[in-house]
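Prediction below, plus the sequence it came from.
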Amino acid sequence: MTGNQDSGNGRIVVINPNSSDAVTDAMNIALDPLRLDGGPHIDCVTMSEGPPGIETQEHVDDAVGRICQLVKDEAVGVDAFVIACFSDPGLRSARELTDVPVFGIAESAFSMALNYGQSFGVIAILPASVTRQERYVTELGLVQRYAASQAVGLGVTELEGPSTGELLEATGRELIETKGADVLILGCAGMARHRESIERGLGVPVIDPAQAAVVQAIAAVRLRQTTVLAA
């Protein structure tokens, strides 16, 4: 962990809705550069009662109740929540349960991608993920800036394999060369440790969605603190 975080400067809770500690650990490491002197404390939590990976619509739907309960339970002393699953389960419901900002990593990554290029592509885990992403992009009105999603063919628990980085890079190259993507989004929080190598290998911006959401959460917390101090 870098920087001198102080919970008095705010607290951001990042929720991993699946039960994979490996995903939480990878995400936690990826967020270290955002743990800044005087910045809000960033806590990553694993929902141990969830499935090993959020891979189907049933998993997404099942996660909503647990996420909402955690948001209610953690409401005191939290300045922002991040839902760290690329399907953004429970995002709208959680926003109704708290007065603090709630960020979904997919929505945050999409919004960041609009500033990085003209056409974003998503490296997805499984074909079913592609379907959900296409639907979500349509709901958000971003179709004109969306190149495509391409599945790498690995489940969440398989992302720790030795060939994962090569497969992710090959999928990203296909999105660039055949779909016209000029910015890539990693479509799962468990891909975090490969972001830098993919970006170097392909020469286009690569967005880790958990980083994108936490960047926006930090900004929201700091601006809210500024507003309170100025009042």
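Happy to help now that I have it. Numbers count the residues shown, from 1 in each chain.

Next, the buried residues of the helix or strand containing Leu70.
Using DSSP states H and E, Leu70 sits in helix 57-73. Neighbour counts using 16 or more other C-beta atoms under 10 Å place 59-60, 63-64, 66-68, 70-71 of helix 57-73 among the buried residues. For every residue, glycine as well, the C-beta is placed using N, CA and C.

With stretch 87-102 instead?
So, applying 16+ other C-beta under 10 Å, buried residues of stretch 87-102: 87-91, 94-95, 97-98, 100-102.

could you dump those to TSV with pLDDT and distance to Leu202?
Formatted as TSV, those follow (pLDDT from 0 to 100; distance: C-beta to C-beta, whole Å):
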residue	pLDDT	distance to Leu202
Ser87	93	25
Asp88	95	25
Pro89	94	29
Gly90	94	33
Leu91	96	29
Ala94	96	34
Arg95	96	34
Leu97	94	39
Thr98	94	38
Val100	94	36
Pro101	96	32
Val102	97	32
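
which of those sit farthest apart?
Greatest spacing in the buried residues of stretch 87-102, by C-beta to C-beta: Ser87 and Val100 (21.6 Å).

In the protein, what residue spans correspond to helices?
21-30, 57-73, 91-95, 105-116, 127-139, 164-179, 195-202, 209-230 (DSSP state H).

okay if I get these as JSON lines plus distance to Glu49?
Output for the helices of the chain, formatted as JSON lines (distance: least, C-beta to C-beta, whole Å):
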{"stretch": "helix 21-30", "distance to Glu49": "13"}
{"stretch": "helix 57-73", "distance to Glu49": "7"}
{"stretch": "helix 91-95", "distance to Glu49": "17"}
{"stretch": "helix 105-116", "distance to Glu49": "20"}
{"stretch": "helix 127-139", "distance to Glu49": "22"}
{"stretch": "helix 164-179", "distance to Glu49": "26"}
{"stretch": "helix 195-202", "distance to Glu49": "29"}
{"stretch": "helix 209-230", "distance to Glu49": "21"}
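
Go through these and find the least confident stretch.
Within the helices of the chain, confidence is poorest for helix 209-230, with a mean of 86 (mean pLDDT).

quick check: angle from it to helix 195-202?
Angle, helix 209-230 to helix 195-202, by axes from the mean of the first three to the mean of the last three C-alpha atoms, to 10 degrees: 120 degrees.

Much appreciated, bye for now.
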